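In: following is a predicted model, sequence given first.
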Amino acid sequence: MAGEKRLARTRNIGFMAHIDAGKTTVTERVLFYTKKIHRMGEVDEGTTVMDWMPLEQERGITITSAVTSVEWKGNFIHIIDTPGHVDFTIEVERSLRVLDGAIAIFSAVEGVEPQSETVWHQADKYRVPKLAFVNKMDRLGADFWGTVKMMIERLGANPIPIQIPMGSEDRFLGVVDLIRNKGIVWDEYSLGTEFKEITIPKQLEEEVSQSRSRMIESLAELDDDMMEKYLGGEEISESEIKSTLRKATLALKAVPVLCGAALRNQGIQPLIDAIVDYLPSPLDVPPVIGKNPLTGEDEKRFPKDEEPLTALAFKVMMDEGRKLVYIRIYSGVLKVGMEVYNPRIKKMEKISRIFEMHANQRTRIEEAKTGEIVALMGLKETITGDTLCDRNHPILLEPMEFYKPVMSVAVEPKTGKDQEKLVQSLEKLSEEDPTFQFKSDEDTGQTIISGMGELHLEVLVHRLLTDYHLEVNVGKPQVVYRETVEKEAEAFYRFIKEIEEVKHFGEVHLRISPNGRGKGIEFHSEIPEGTLFPEGLSAIEEGVREGATIGVIMGYPLTDLKVILIKAITDLNHPSPLALKIAASHALQEGCRKAHPILLEPMMEVNIIVPEEFMGEVIGDLKARKSSVETITPKGKVVIIKAISPLTKMFGYSTDLRSLTQGRGTFSMQFSRYDKAIG
């Protein structure tokens, strides 16, 4: 029972938002008011605890997700602060995978921005209940209700404000708690640690009354018992409102909305209360499901210390040359010295140390229990997305999906003797970051690194210098293209060879045709069942997929193809999977040459916010970059332009946009799809 009580008081939550919405500032305040830190850091000064990397402090942005734990009124809250920049979306994705709840932070000025949409939909994918905090209510142009409206229009959410602001911009005084019908104001001289409840100011009474009725009405629509009381005109108590709101939040039917101004230390304590009141404990989320690798059957693990160990490795970090693996424990208990089973590599790994993390500071602990997020040392081969479990009760949780890189640069060490060190350093970086890849170009002998964008690659090169003391020369950014076909074609290839006195023979006939954009490679067989030995078909599919890694125009990977097997022949007395695999690979290449191959280039979704007087020049410039403008949305004195642009035309865009708009335009860019190269 003690374990269950502890779990009921545990919250695993994350802060997510668009870059500059104030996410790290909010996290810093939460740490201060829960007495985890004794002095608040500021992003602008580079003194925040959660942005601990020198590069994060220098640039004032979050690059890597940081983990910490706090205590609040007897509850344990594990927090992950995630990046807002699109180049580091993987950090958000892998954090959401292991979180039970999330707080989306919106700037009251900009409202729902593009990256907020991306992370919101990522949270929906993992069915993570959410709270919303409308920050920066003290800033010029702050619009609480405008942000709530954008949540409905852009996110398809059902926001239920449980607070409304008292004033806004320089007249922002505090918030009104609609559930308790009280105003709350913070004392700025105590850095917001002291606050008092006040009666609602006369001029706000009508707005508060309407907003409270709207809140109760919205909740009544989600709960039959409350609807009955509401229609009967009965008084609905504070505890009834809270329990109905909690149920609706956990069921993803509602999003409680709070507000404040984190930089001015206003609105944070009620937000921490809301985390405890409305976001789930590990007991409130469905049991985790995975496959038993021995039987292939689905199995459940309930959040109990007594259940067999089940944990997911969601992040790997190199810390002074040592590998630190962050895990979330779904069931069971983990102790120092224990051996755990990794079903992906079918090996046991030993836990040498367990740490409770506070950003980059760590505290050694002897054991970790269900529902906890900790870091481990001693795991040699475990990577992001791996399951760790009990060997006698193996389970394989669904692995994580990672984005493919869209941009590359060539790097070479400044001194030739560092080539080996460069490869070792890049191996360590790619272990940490699954969206980063590197390879050696056999023709030029260069090392090519690939990532999610210019900033991502810049950060990786910077880390080579600071973490691995390796100076490199960097080439110009190159786009990672793909290849596909525009027509249908048939091709066959016959492979005959004697290898170690064994004759290998295979002949494969394929039909190749274009597939829809973003559909990848689909393989089907049209040969009658039973005409090929069992391993034959999988060998052919393997050959097709391996053949697709190198295209026929410039050697870029092939994608968006339909490949149909129409005939396969092998020696029935000596069937050879190897011969069929090689024949399939060659037949695919041959077919692609005949089927009018084309280059595909990455197209980016670009969201630009500019003052309306510069709109004409910005759109003209986009057209010159062969971009298609999708929407133009006026919002006050600015317009939001959404365009689809070829990545090749967008290098150095931030400098050009600044000069076009006298430094007042901002933009964000994320991968949209691969499409025919414009040239």
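Out: In hand now; what should we look at? The structure displayed is predicted, hence computed values, not measured ones. Residues are numbered from 1 along each chain as shown.

In: tell me which element E420 is part of?
Out: Using DSSP states H and E, E420 sits in helix 419-432.

In: quick one: contacts of that helix?
Out: Helix 419-432 has contacts (Cβ atoms under 8 Å, 6 or more residues apart in numbering) with 315-318, 323, 383, 411-413, 436-438, 447, 449, 460, 463-464, 467-468, 470, 472. Any C-beta I mention is one placed from the backbone N, CA and C, and that applies to glycine too.

In: biggest strand in this protein, by residue count?
Out: Secondary structure assigned by DSSP state E gives strand 597-611 as the longest strand of the chain.

In: so what's A220 up against?
Out: 226-227, 229-231.

In: and which of those residues is nearest to T531?
Out: Set against T531, the nearest of the contacts of A220 by Cβ to Cβ is M227 (62.8 Å).

In: is it fair to say the closest one lies in a helix?
Out: Yes: judged by DSSP: H, G, I helix; E, B strand; the rest coil, M227 forms part of a helix.

In: what's near enough to touch it?
Out: So, once contact is read as Cβ under 8 Å, 6+ apart, M227 ends up touching 220-221.

In: in a helix, A104, correct?
Out: No: read with three-state DSSP, A104 is strand and lies in no helix.

In: for it, the count of nearby residues, please.
Out: Residues lying near A104 (other Cβ atoms under 10 Å) number 26.

In: regarding the closest residue to it other than its chain neighbours, what is its secondary structure?
Out: Once flanking residues are discounted, A104 sits nearest to A132: 5.0 Å by Cβ to Cβ, 6 or more residues apart in numbering. Put simply, A132 is strand when judged by three-state DSSP.

In: Serialize the contacts of A220 to JSON lines and add fields for distance to T559 and pLDDT.
Out: Shown next, in JSON lines, are the contacts of A220 (distance: Cβ to Cβ, whole Å; pLDDT from 0 to 100):
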{"residue": "M226", "distance to T559": "51", "pLDDT": "87"}
{"residue": "M227", "distance to T559": "51", "pLDDT": "89"}
{"residue": "K229", "distance to T559": "57", "pLDDT": "86"}
{"residue": "Y230", "distance to T559": "54", "pLDDT": "84"}
{"residue": "L231", "distance to T559": "56", "pLDDT": "86"}
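
In: for the stretch 301-450 of the chain, which spans come out with low pLDDT?
Out: Along the stretch 301-450 of the chain, segments meeting pLDDT under 70 span 320-321, 359-360, 400-404, 406, 441-445.

In: for the residue sitting furthest away from the middle of the chain, what are phi and psi?
Out: Note on the chain: the largest C-alpha distance from the chain mean falls to E501, namely 52.1 Å (Cα atoms, centre = their mean). Here is the backbone geometry of E501 (degrees, to the nearest 10): phi 60, psi 10.

In: ok, now which ones touch it?
Out: Counting by Cβ under 8 Å, 6+ apart, E501 has no contacts.

In: residues in contact with the helix or strand hosting F76?
Out: Per DSSP H and E, F76 falls inside strand 75-81. Identification of contacts with strand 75-81 by Cβ under 8 Å, 6+ apart yields 6, 9-15, 23-24, 27, 30, 34, 50, 62, 65-71, 95, 99, 272, 275-276, 372-373.

In: distance of G530 relative to H524?
Out: 17 Å (Cβ to Cβ, to the nearest Å).

In: okay, now the sheet partners of the longest strand of the chain, with direction.
Out: strand 482-485 (antiparallel), strand 638-646 (antiparallel), strand 666-676 (antiparallel) (DSSP bridges).

In: who wins for proximity to I184 among those strands?
Out: strand 638-646 (31.5 Å).

In: just the CA trace of that closest one, in CSV.
Out: What follows is strand 638-646, C-alpha atoms only, in CSV (Å, rounded to 0.1, in the frame of the first residue of the first chain):
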residue,chain,number,x,y,z
VAL,A,638,1.5,41.8,-37.9
VAL,A,639,0.8,39.1,-40.5
ILE,A,640,1.6,35.4,-40.3
ILE,A,641,2.7,34.0,-43.6
LYS,A,642,2.8,30.3,-44.1
ALA,A,643,4.8,29.0,-47.1
ILE,A,644,6.3,25.8,-48.5
SER,A,645,9.9,26.4,-49.7
PRO,A,646,12.6,24.2,-51.1
